[in-house]
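**Student:** Structure of the sequence below:
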Amino acid sequence: MTAAPTQFTSSPDSADSASDPASRPSQTFAQLFDAIAGNVASVVHGKRDAVELAVMCLLAEGHLLIEDVPGVGKTSLAKALAASIDCTWKRVQFTPDLLPTDLVGVSVFQRASESFVFQPGPLFANIVLADEINRASPKTQSALLEAMEERQVSADGTSHQLPIPFMVAATQNPVEQEGTYRLPESQLDRFLMRLSLGYPGRDAELAILDSNGAADTLQALRPVVSAAEITRMCAAVKTVHIAGVLKSYLVDLAEASRSHNGLLLGLSPRATLQLARATRSHAAAHGRDYAIPDDVKAVAIPVLAHRIVLRPDASSRGLTHEGAVHELLAMVPVPAGR
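**Tutor:** This is a model prediction of the structure:
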């Protein structure tokens, strides 16, 4: 097979300003991917790998959970990703008193028409930034389940379709436990990837000081792609070929996790499907219309680590979620063909 040849031609209805990304000549998938990642990386210094994984998550039509200590750029990454696309986005600060209707919306009585009219909530945006998602009650967290899985919400017995593309980019602090509610496994499973940024390197931290943090840079950030281009890129990801031997490799990883002596729960069939989606996105981002084992390995930890459950004695053995995924990759033979 040849390298991914997908071209994206600007749609006429999106060229409504001189700075509109749709006014550019057609570009390849890899060029547009690099443009988005470069734009986000101008705000999140020294974390290019995490930035690229976040963009891959978007193009695989997945949802992103960014989990790390305060002050390392979780919110900045999510906001920069949203600002790099010419689309609608909303930020919701999750708190214990946040109600499901604060997310979904509510029906309001209109005196003029003497009827109830549905007023959409912040979920009706292309990208929803759920800041500190683990501070909301389980009832509010569960309101996201239908939106994340089915791209729709139900209110007053009526289903409302969410816009396309749609992505939830959530953040949470794993250290602070007071006033938080642990995300249930069913909720975690809806996130395609879980990323951890970690502390920046010395050079990156110096660059942060020179730029006075991310606030000024975020204000100056401009979209580099349109929502229509993102939709076409998502469609292109679905066409990336995964050979039969590579599909067998994905299933072998799942089966190995179910018999791993350090895991209480292994990978579900949904995890295998999600790994395939992320694998396709990684291949497309690197200019290929076919996937290889290296694509699987590159996305395995962010896609799989939050889906497995360790045995109670795993910590005494020094086994972590990421370490368990590393062991699975080491024990399952890599297919020779593609």
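**Student:** Give me the neighbour count for residue 267.
**Tutor:** Here the count is done by other CB atoms under 10 Å, and residue 267 has 25 residues near it. (C-beta placed from N, C-alpha, C; glycine too.)
**Student:** Now it, what are its backbone angles?
**Tutor:** phi -80, psi 140 (degrees, to the nearest 10).
**Student:** Tell me who's in contact with it.
**Tutor:** By CB atoms under 8 Å, 6 or more residues apart in numbering, residue 267 lies in contact with 253-254, 257-258, 304, 307-308.
**Student:** Can you pull out the low-pLDDT segments for the stretch 1-150 of the chain?
**Tutor:** For the stretch 1-150 of the chain, the stretches flagged by pLDDT under 70 are 1-27.
**Student:** show me where it has strands.
**Tutor:** 7-8, 27-28, 64-67, 85-86, 89-93, 105-110, 115-120, 127-131 (DSSP state E, counting those that start in this stretch).
**Student:** The fifth one to strand 127-131, inter-axis angle?
**Tutor:** Angle of strand 89-93 versus strand 127-131, following axes from the mean of the first three to the mean of the last three CA atoms, to 10 degrees, is 10 degrees.
**Student:** which residues are contacting strand 89-93?
**Tutor:** Here strand 89-93 has contacts from 79, 82-83, 98, 102-103, 122-123, 125-132, using CB under 8 Å, 6+ apart.
**Student:** List the residues that contact residue 301.
**Tutor:** 322, 325-326.
**Student:** Now do the same for it: helix, strand or coil?
**Tutor:** Classification of residue 301 by DSSP: H, G, I helix; E, B strand; the rest coil places it in helix.
**Student:** how much space between it and residue 119?
**Tutor:** According to CB to CB, to the nearest Å, residue 301 stands 41 Å off from residue 119.
**Student:** Residue 278 now?
**Tutor:** From residue 278 to residue 119 the distance is 35 Å (CB to CB).
**Student:** the more surrounded of these two?
**Tutor:** residue 278 (27 against 12).
**Student:** how many neighbours does the residue lying closest to the more buried one once chain neighbours are set aside have?
**Tutor:** Spatial nearest neighbour of residue 278, excluding adjacent residues (CB to CB, 6 or more residues apart in numbering): residue 299 at 4.1 Å. Residue 299: 25 surrounding residues under other CB under 10 Å.
**Student:** For residue 299, give me its contacts.
**Tutor:** Per CB under 8 Å, 6+ apart, neighbours of residue 299: 53, 56, 193, 275, 278-279, 281-282.
**Student:** which stretches of the stretch 151-300 of the chain form helices?
**Tutor:** Secondary structure of the stretch 151-300 of the chain (DSSP state H, counting those that start in this stretch): helices at 185-188, 202-210, 215-220, 227-238, 244-258, 269-285, 293-304.
**Student:** Now render those as TSV, adding distance to residue 330 and mean pLDDT.
**Tutor:** Converted to TSV, the helices of the stretch 151-300 of the chain look like this (distance: least, CB to CB, whole Å; pLDDT from 0 to 100):
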stretch	distance to residue 330	mean pLDDT
helix 185-188	24	84
helix 202-210	30	81
helix 215-220	40	71
helix 227-238	28	93
helix 244-258	10	95
helix 269-285	17	95
helix 293-304	10	96
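**Student:** most surrounded residue in the contacts of residue 267?
**Tutor:** Going by other CB under 10 Å, residue 304 tops those with 27 neighbours.
**Student:** That one reaches residue 327, doesn't it?
**Tutor:** No - contact criterion CB atoms under 8 Å: residue 304 and residue 327 do not qualify, at 11.6 Å.
**Student:** Stretch 264-273: how far from the chain's middle?
**Tutor:** Distance of stretch 264-273 from the chain centroid (CA atoms, centre = their mean, to the nearest Å) equals 18 Å.
**Student:** middle-most residue in this protein, spatially?
**Tutor:** Centrality entry for the chain: nearest residue to the mean C-alpha point is residue 64, 2.7 Å, by CA atoms, centre = their mean.
**Student:** Please name the bridge partners of it.
**Tutor:** residue 169, residue 193 (DSSP bridges).
**Student:** residues in contact with it?
**Tutor:** By CB under 8 Å, 6+ apart, the neighbours of residue 64 are 54, 57-58, 78, 167-170, 191-195.
**Student:** Ok, residue 176 next?
**Tutor:** With CB under 8 Å, 6+ apart, residue 176 has these contacts: residue 70.
**Student:** If we ignore the residues flanking it in sequence, what's nearest residue 305?
**Tutor:** residue 321 (4.2 Å).
**Student:** OK, contacts around the one you found?
**Tutor:** Here residue 321 is in contact with 305-306, 308, 310 (CB under 8 Å, 6+ apart).
**Student:** got CSV for these, with pLDDT, distance to residue 202 and secondary structure too?
**Tutor:** Shown next, in CSV, are the contacts of residue 321 (pLDDT from 0 to 100; distance: CB to CB, whole Å; DSSP: H, G, I helix; E, B strand; the rest coil):
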residue, pLDDT, distance to residue 202, secondary structure
305, 94, 27, helix
306, 93, 29, helix
308, 91, 34, coil
310, 89, 33, strand
